[in-house]
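Colleague: quick check, what structure comes out for this input:
(2 chains)
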2 protein chains.
Amino acid sequence: MDISSKLSTRTRMMQASAIREILKVVAQPGMVSLAGGIPAPESFPIEIIRQITNDVLDEFGPAALQYDKTEGFEPLIQALVNYLPSRGLVNVAPETLGVFSGSQSALDMVAKVLISPGDKIAIEAPSYLGAISAFNAYEPDYISVPTDDDGILPDALEDVLKQHTIKLIYLVPTFQNPTGRTLSLERRQRVAELLKQYDVLLLEDDPYSALRYSGEALPTLQSYAPEHVIYSSTFSKILAPGLRIGFTVAPKALMRWLIIAKQGVDLHTQSFGQAIAALYLTGGYLKDHLPRIIELYQPRRDAMLTALQTHMPEGFTWTHPEGGMFLWLVGPEGFDAEALYHRCVERGVAFVPGKYFFFEPGVGQNTMRLNFTMVTGDVIDQAIQTIGETAAGMLVTS
Amino acid sequence: MDISSKLSTRTRMMQASAIREILKVVAQPGMVSLAGGIPAPESFPIEIIRQITNDVLDEFGPAALQYDKTEGFEPLIQALVNYLPSRGLVNVAPETLGVFSGSQSALDMVAKVLISPGDKIAIEAPSYLGAISAFNAYEPDYISVPTDDDGILPDALEDVLKQHTIKLIYLVPTFQNPTGRTLSLERRQRVAELLKQYDVLLLEDDPYSALRYSGEALPTLQSYAPEHVIYSSTFSKILAPGLRIGFTVAPKALMRWLIIAKQGVDLHTQSFGQAIAALYLTGGYLKDHLPRIIELYQPRRDAMLTALQTHMPEGFTWTHPEGGMFLWLVGPEGFDAEALYHRCVERGVAFVPGKYFFFEPGVGQNTMRLNFTMVTGDVIDQAIQTIGETAAGMLVTS
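Modeller: Numbering: from 1, shown residues only, chains lettered A, B, ... in the order given. I've put the predicted structure just below:
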């Protein structure tokens, strides 16, 4: 059978993630990878999870293994109602909360419920690719909004809102993937005002804010405009991504539609993992374990910043993220970061060329995303030395 | 904000499951429910799961908690390659296999990849509602095909294939939900021939075939037409539904698209549960435990058949399923099964009026779905006595 003749129109917008292809290439033995976007396996609280799974079976028994309601496992909903105000969320209640199968599934559901073909989504450039991959299936048009080191530019966003009917704005305001940038306090207030003024919805994707190594926590966008913001986060970076437990807070009328859509998509998120996440919160395990994850990652971020200072040739600049997993490296105008990538891979060091995070072709050719959570400080230093030397060689010959 | 003005066109086809609303009503203390469609909690191998989760953490460690590839957790893929031929599947290989977040998620993915708005799906009438709920989001038209006690009528299906361009046929050929009916051997061969002749894809949804209490196993439709059949099944009825682990076998070119679509929907199915399912297969636990589930359910099915024989008034007929979880009760022409439902609920017994399983309004008013897995034989006998007496009373007064 010729399958291609049977595909839906939306399938034409789908494509395999370019970064996943890169990750396959760099998963060779001996390769030092700054390309990944995943937590360090040594950050997983394996013995805590062993203890909790036993407690889950004792405490909830069959209820943790049975079909469950679409909104989420009741003990986890209750635990999130208690926990999320400490994360800067407002209006958190069972009617505004939903547990999704990873925050990726929340991205899918939000687009499914809101986006008709041709509807416009405003996104930062560069942006998180997984979101584009979720949204593409609903055939939107994208309007990209410029950013600087403090995140999206509110004036540019307002221009976009004036010129276009925007159905949804998508932002990762804190420790953004891929740049590590954080939207400043002043801009958060300004963006929230724009949401209300133009009556537009914004999806605040926040996987990283709990991983803060320095500086002060900032208020969520959701706290400034709870009727216009869909806030989404995950246990992937504070417990374990393999459980695929994400959680979303949205205006009540919208959450109702997200739940109806989810009923058709996967009935409910796996209850066993939700029960584990519930006890992880209520048993005080997160409070004890999160500082250990931060203690693991902070020296790695510091090592990368020091190594960049030491090894990168003149003309390169980079972000100084206060948390998260990524840092954004920008070469001189006209520098070919993809050529650098290929040369570095030959020398056993990998990263992701930044151009893959831009929606428009030809943009970001001189940019790179570096992950600092997967390897230790001394390995980071050697890897950055390799990148710096290779880049310097390219500058001399060009 | 007025959310309704922001919704996508596809959202208009979504609605909360009517049956889920019924299940909420009947979840009152003291209600005997034959309405559910879920496994008995006492069928869950809780102590096996406790043992396996410990083994998973020992054997796979962080890999069972980390992000994973979209296709599925490698040890589970391997275990399924070895296991599925015993379930009557052919051409099972890593390239034709995918693990989905419950078989519901496979239904969503198949429709997402194949169905453009207005594309036609042929379904049995009555049919599994969860599939309709998954498909609706992609705005198909439905063509319903009549059935009798041996399942879908091949001649009627051929008429439909002649008259319409059908993008997908959806069937539950074995112990169907809601009827308990099984497509006969002869009809399986005939349907498979039609698939090849008209070059059309069929989704063989098979959650129940492992739960066989009598009679002989039948070949899968997939085994007759592997290039035209997408086979989907689940661990929900043989291990635990709360884990949300489904598996699908499809032609290789189509599976590639299903995986690309899944990347955008949920990245991958939770790895911890996949690791549990892998050891459940490879450790021989399924082989030991499945007979216990069957020993639990078979007497309940037998009790329901006996009770119907004893208590139902003349004019009622019912299916005699050889497995699964449901039986289909048909009243005399013109009988109002929904009125019977309301009267029985007042007397503490619930079931699902069959009309909810038909796509067209006004059809199946005299039909009922009865679940026999959730309560013991003596309770079933009393519940059927209540239904029979109440129905008899209605016949007298009408």
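Colleague: where does A:Trp257 fall, secondary structure wise?
Modeller: helix A:252-266 (DSSP states H and E).
Colleague: counting contacts, what elements does that helix pack onto?
Modeller: Counting by 3 or more C-beta pairs under 8 Å, 6 or more residues apart in numbering or on different chains; DSSP states H and E, the packing neighbours recorded for helix A:252-266 are strand A:97-100, helix A:103-114, strand A:246-249, helix B:103-114, helix B:129-136. C-beta here means a position set from N, CA and C on the backbone, and glycine is covered the same way.
Colleague: tell me the angle of the helix or strand just after that helix relative to helix B:271-282?
Modeller: Where DSSP H and E defines the elements, the next helix or strand beyond helix A:252-266 is helix A:271-282. Angle, helix A:271-282 to helix B:271-282, by axes from the mean of the first three to the mean of the last three C-alpha atoms, to 10 degrees: 130 degrees.
Colleague: who touches helix A:271-282?
Modeller: In this structure, residues lying in contact with helix A:271-282 by C-beta atoms under 8 Å, 6 or more residues apart in numbering or on different chains are A:48-49, A:52-53, A:55-56, A:59-60, A:63-68, A:72-73, A:75-76, A:78-80, A:82-83, A:99, A:235, A:239, A:243-245, A:285-286, B:240, B:242-243, B:270, B:272-273.
Colleague: so of those residues, which ones are in helices?
Modeller: A:48-49, A:52-53, A:55-56, A:59, A:75-76, A:78-80, A:82-83, A:285-286, B:272-273 (DSSP state H).
Colleague: just say helix, strand or coil for A:Tyr170.
Modeller: The three-state assignment at A:Tyr170 reads strand, by DSSP: H, G, I helix; E, B strand; the rest coil.
Colleague: bridging residues for it?
Modeller: On the basis of DSSP bridges, A:Tyr170 is bridged to A:Ile123, A:Leu203.
Colleague: what distance do you get for it to A:Val200?
Modeller: According to C-beta to C-beta, to the nearest Å, A:Tyr170 and A:Val200 sit 12 Å apart.
Colleague: next: A:Ala253.
Modeller: According to C-beta to C-beta, A:Ala253 and A:Val200 sit 16 Å apart.
Colleague: more neighbours, these two?
Modeller: Just comparing A:Ala253 and A:Val200: by other C-beta atoms under 10 Å in any protein chain shown the higher neighbour count belongs to A:Val200, 21 against 16.
Colleague: which ones are touching the closest residue to that one other than its chain neighbours?
Modeller: Among residues not flanking A:Val200 along the chain, A:Ile166 sits closest, at 5.3 Å (C-beta to C-beta, 6 or more residues apart in numbering or on different chains). Applying C-beta under 8 Å, 6+ apart to A:Ile166 gives the contacts A:120-122, A:143, A:160, A:198, A:200.
Colleague: tell me the one among those residues nearest to chain B.
Modeller: Chain B lies nearest to A:Val200 out of the contacts of A:Ile166, by C-beta to the nearest C-beta, at 8.9 Å.
Colleague: could I get the pLDDT score of that closest one?
Modeller: A:Val200 carries a pLDDT value of 97.
Colleague: got a list of what it touches?
Modeller: Neighbouring residues of A:Val200 by C-beta under 8 Å, 6+ apart: A:161, A:166-169, A:194, A:228.
Colleague: dump these to CSV, plus secondary structure.
Modeller: Listed next are these as CSV, based on three-state DSSP:
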residue, secondary structure
A:Leu161, helix
A:Ile166, strand
A:Lys167, strand
A:Leu168, strand
A:Ile169, strand
A:Leu194, helix
A:His228, coil
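Colleague: farthest-separated two in those residues?
Modeller: A:Lys167 and A:Leu194 (14.9 Å; C-beta to C-beta).
Colleague: which one is whichever residue of the stretch 251-398 of chain A sits closest to chain B nearest to, not counting chain neighbours?
Modeller: Closest approach between the stretch 251-398 of chain A and chain B, counting by C-beta to the nearest C-beta: A:Ser271, at 3.6 Å. In this structure, A:Ser271 finds its nearest non-sequential neighbour in B:Gly242, 3.6 Å apart by C-beta to C-beta, 6+ apart.
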